[in-house]
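In: here is my input, please return the structure:
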Amino acid sequence: MIGMSEIAGAFTALKAAKDIAESMKDLRDTALIQGKVAELQSKILDAQSAAFAANEERSTLINRVGELEKEVADTKAWVAEKEKYTLTDLLPNSSRMTTIYAYVEKDKASTPETTHKLCANCFDSGKKSILQGESRTPGMHRVLVCHHCGSDLYLSGARTPEHAKPQRRKSS
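Out: Reported below is the predicted structural model:
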């Protein structure tokens, strides 16, 4: 016959087996939880990376918008500045076969000899470059020179080989 002590021993062994089984279940659940935590951390890192990339792109777009706003403001300023000038023939009523054009201020267009003159080539490219007067073969050749693009505009006389000049460096 089975005694009480054997029953108590079996009961104790069964209880220990149940405790081991429960702890194994807890271990399995812990492993699952740790796996899900690792997966969740990976998703959080992906979201942070995406947010960082979006923030960088946003910053790039903000900078580009700033550049474009400056470009628009510069263009508006240039359009307003251009309105102050008119293209003028510097030698009207001349017997020369060629005409020489420069931009002069509109309110002074009737007396272009008393105002500064802007290079038409540079002006049409969006730059104001004042033409500088030079005398070549003194008394024989009057020339307006653009030191930005290198243009020479002969007001009197004509270009001769001795007027050959070293290539001017174009400024940017």
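In: just give the closest residue to Ala120, not the sequence neighbours.
Out: For Ala120, ignoring the flanking residues on the chain, the nearest one in space by Cβ to Cβ, 6 or more residues apart in numbering is Tyr101 at 4.9 Å. Glycine gets a C-beta too; all of them are placed from N, C-alpha and C.
In: how many other residues sit next to that neighbour?
Out: Tyr101 has 16 neighbours, counted by other Cβ atoms under 10 Å.
In: next up, phi/psi of it, please.
Out: Tyr101 has phi and psi values of phi -110, psi 150 when expressed as degrees, to the nearest 10.
In: tell me the pLDDT at Tyr154?
Out: Per-residue pLDDT puts Tyr154 at 84.
In: before we move on, what about Ile100?
Out: Residue-level confidence at Ile100 comes out at 86, pLDDT.
In: tell me the contacts of the residue nearest to Ala120?
Out: Taking Cβ atoms under 8 Å, 6 or more residues apart in numbering, we find Tyr101 in contact with 87-90, 120.
In: which residues in this structure form strands?
Out: 85-89, 101-105, 118-119, 132-136, 141-145, 152-156 (DSSP state E).
In: can you spell out which helices and strands pack onto the shortest one?
Out: If I follow you right, that is strand 118-119. Using 3 or more Cβ pairs under 8 Å, 6 or more residues apart in numbering; DSSP states H and E as the contact test, the elements touching strand 118-119 are strand 101-105.
In: could you do the last one as well?
Out: Judged by 3+ Cβ pairs under 8 Å, 6+ apart, strand 152-156 is in contact with strand 141-145.
In: next, count neighbours for Val145.
Out: Using other Cβ under 10 Å, the number of residues around Val145 comes to 18.
In: max-length helix in this protein?
Out: Criterion DSSP state H: the longest helix present in the chain is helix 4-82.
In: what packs against that one?
Out: Helices and strands in packing contact with helix 4-82 are not found; criterion 3+ Cβ pairs under 8 Å, 6+ apart.
In: report the angle between it and strand 101-105.
Out: Interaxial angle, helix 4-82 versus strand 101-105 (axes from the mean of the first three to the mean of the last three Cα atoms, to 10 degrees): 100 degrees.
In: need the pLDDT of Glu113.
Out: pLDDT, Glu113: 64.
In: show me where the protein dips below the pLDDT cut-off.
Out: Where the chain drops to pLDDT under 70, the residues are 1-3, 94-97, 109-114, 138-139, 158-172.
In: residues touching the nearest residue to Met140 once chain neighbours are set aside, list them.
Out: Leaving aside its sequence neighbours, Met140 sits nearest to Gly157 (Cβ to Cβ, 6+ apart; 5.1 Å). Going by Cβ under 8 Å, 6+ apart, Gly157 touches 136-137, 140-143.
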